[in-house]
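Novice: coords below, sequence missing:
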């Protein structure tokens, strides 16, 4: 399950208009989320809070043989007014959905000046007393610095530090890295073309008149963005280096067809070629596959993954009764009591002009709302403010989901299962890793994680 602090960091990047997807390190983010999701181990409880719009805390307690935990804090210089921190209100897709469409590229046309946005994050792990820290500082609309550090007695020299400078112009993005561990130096970049890239030079994006995002109605077929990039790194102490190349095609949110993402990465030194393909088969299903091949050893590997959302059942949504039929009040008087006693009709009425008759009166019956399922279970009525002609509150988006099932399988018959959802104000994640080659003891890991935030 996505951690609360990572969710708050995403809210910071959204508030400061920084696109984390526009990076070579995020090239395979969609397929990794569907094929390499972690499964919980043991029992773990997390309590988090966005105390103010600029300060967040999180406390975690778990047990896997021994009791451990962590304490983390985050401070942002930018008020996170749009961040939804309450666990009962956070949209489930924002937390749990693996397939995420590409975000719109940032527009740097006309942006000038300095920016002083940033945040500081720290986390202390107990009882091993390991400390990790992260500081992000925005210098300009396109330039950002990031420093992360880990302090642990088990590491060489007692810890390590990694510095990164990121430059994002929308059309292309470049990152430089330097680490104290082995004197590591690296650079990586990503270049985008096609799709919405041609609109970056315009001050505003024209409205799309067709489903493929084009304003002239001539674009047909798949509408998406191509990205290609590479990374090069070198260790100054061990005198070794490496490189990789990659390409990605992903449809954009304005594409009217099936969303899909396809990537290819090549590591020429190791001789590894990797292909991934992810598709959002429907509103409630996402599929992914991965194929690795080594040109030196001719070894291959494959993996498949699935994400299946459960639609909230009708029993869990307060349904409104169908409207009662409208009753028409007739203007013809009822037979008099004396006429009924004499077994006869009333005296004929004088013939009147139909134009003088008043129109029939239509009386709408009051519309009552059925008691909610929760009220029936607790043997009580609904809230008193819910009465006739009161429509139930409609919650869009996330309310149609109650949970998600994630599954993966590789060629070694290792299965990963994960069920995530929400019960009242608690977010839960129940999962297990299974090895089908060892049927005598197939369960490798089994765990439950519960989160609550306010």
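Specialist: Arrived safely, thanks for sending. Source: prediction; values computed, not measured.
Novice: residues near residue 59, how many?
Specialist: 13 (other Cβ atoms under 10 Å). C-beta here means a position set from N, CA and C on the backbone, and glycine is covered the same way.
Novice: let me redo that: residue 115
Specialist: Neighbourhood size, residue 115 [other Cβ under 10 Å]: 19.
Novice: helix, strand, or coil at it?
Specialist: coil (DSSP: H, G, I helix; E, B strand; the rest coil).
Novice: can you tell me the closest non-neighbouring residue to it?
Specialist: Residue nearest to residue 115 in three dimensions, not counting chain neighbours: residue 138, with 4.6 Å by Cβ to Cβ, 6 or more residues apart in numbering.
Novice: tell me the buried residues in the helix or strand hosting the one you found?
Specialist: Using DSSP states H and E, residue 138 sits within strand 130-140. Neighbour counts over strand 130-140 (16 or more other Cβ atoms under 10 Å) mark 130, 132, 134, 136, 137, 138, 139 as buried.
Novice: please name the bridge partners of residue 193.
Specialist: residue 226 (DSSP bridges).
Novice: so where's the stretch 101-250 of the chain uncertain?
Specialist: Within the stretch 101-250 of the chain, the segments meeting pLDDT under 70 span 108-114, 201-221.
Novice: 90 - rerun?
Specialist: For the stretch 101-250 of the chain, the stretches with pLDDT under 90 are 101-117, 127-129, 139-142, 153-158, 169-170, 181-184, 194-224, 236-240.
Novice: what about the strands in it?
Specialist: With DSSP state E, counting those that start in this stretch, the ranges of strands along the stretch 101-250 of the chain come out as 118-126, 130-140, 143-151, 159-168, 172-179, 184-193, 224-235, 240-251.
Novice: same for the last one, what does it pack against?
Specialist: If I follow you right, that is strand 240-251. strand 224-235, strand 260-267 (3 or more Cβ pairs under 8 Å, 6 or more residues apart in numbering; DSSP states H and E).
Novice: next secondary structure after the last one?
Specialist: Going down the chain from strand 260-267, the next helix or strand is strand 272-282, by DSSP H and E.
Novice: what distance separates that following strand from the centre of its chain?
Specialist: When distances are taken as Cα atoms, centre = their mean, to the nearest Å, strand 272-282 is centred 18 Å away from the chain's centroid.
Novice: buried ones in the strand or helix carrying residue 447, by neighbour count?
Specialist: Per DSSP H and E: residue 447 is located in strand 443-453. If you call a residue buried by 16+ other Cβ under 10 Å, then strand 443-453 has these buried ones: 447, 448, 449, 450, 451, 452, 453.
Novice: and that strand, what's its mean pLDDT?
Specialist: For strand 443-453, mean pLDDT rounds to 93.
Novice: all helices of the stretch 1-150 of the chain, in order?
Specialist: Here the stretch 1-150 of the chain has its helices, by DSSP state H, counting those that start in this stretch, at 4-15, 29-35, 92-96.
Novice: residues making contact with the first one?
Specialist: To tie it back to what came earlier, the one meant is helix 4-15. 19-20, 46, 48, 50, 56, 58, 72, 74, 76, 78-83, 85, 90, 94-95, 117, 119, 121, 123, 136, 451, 453 (Cβ atoms under 8 Å, 6 or more residues apart in numbering).
Novice: pull out the buried members of those.
Specialist: 19, 46, 48, 50, 56, 58, 72, 74, 76, 78, 80, 83, 85, 90, 95, 117, 119, 121, 123, 136, 451, 453.
Novice: endpoints of stretch 254-274, how far apart?
Specialist: 28 Å (Cα to Cα, to the nearest Å).
Novice: okay if I get the buried residues of strand 130-140 as a markdown table plus distance to residue 155?
Specialist: A markdown table is the format used below for the buried residues of strand 130-140 (distance: Cβ to Cβ, whole Å):
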| residue | distance to residue 155 |
| --- | --- |
| 130 | 9 |
| 132 | 11 |
| 134 | 17 |
| 136 | 23 |
| 137 | 25 |
| 138 | 29 |
| 139 | 30 |
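Novice: nearest to residue 288, of these?
Specialist: Nearest to residue 288, judged by Cβ to Cβ, of these is residue 134 at 28.8 Å.
Novice: quick check: the closest one touching residue 120?
Specialist: Yes. Between residue 134 and residue 120 a contact is recorded at 7.4 Å, counting by Cβ atoms under 8 Å.
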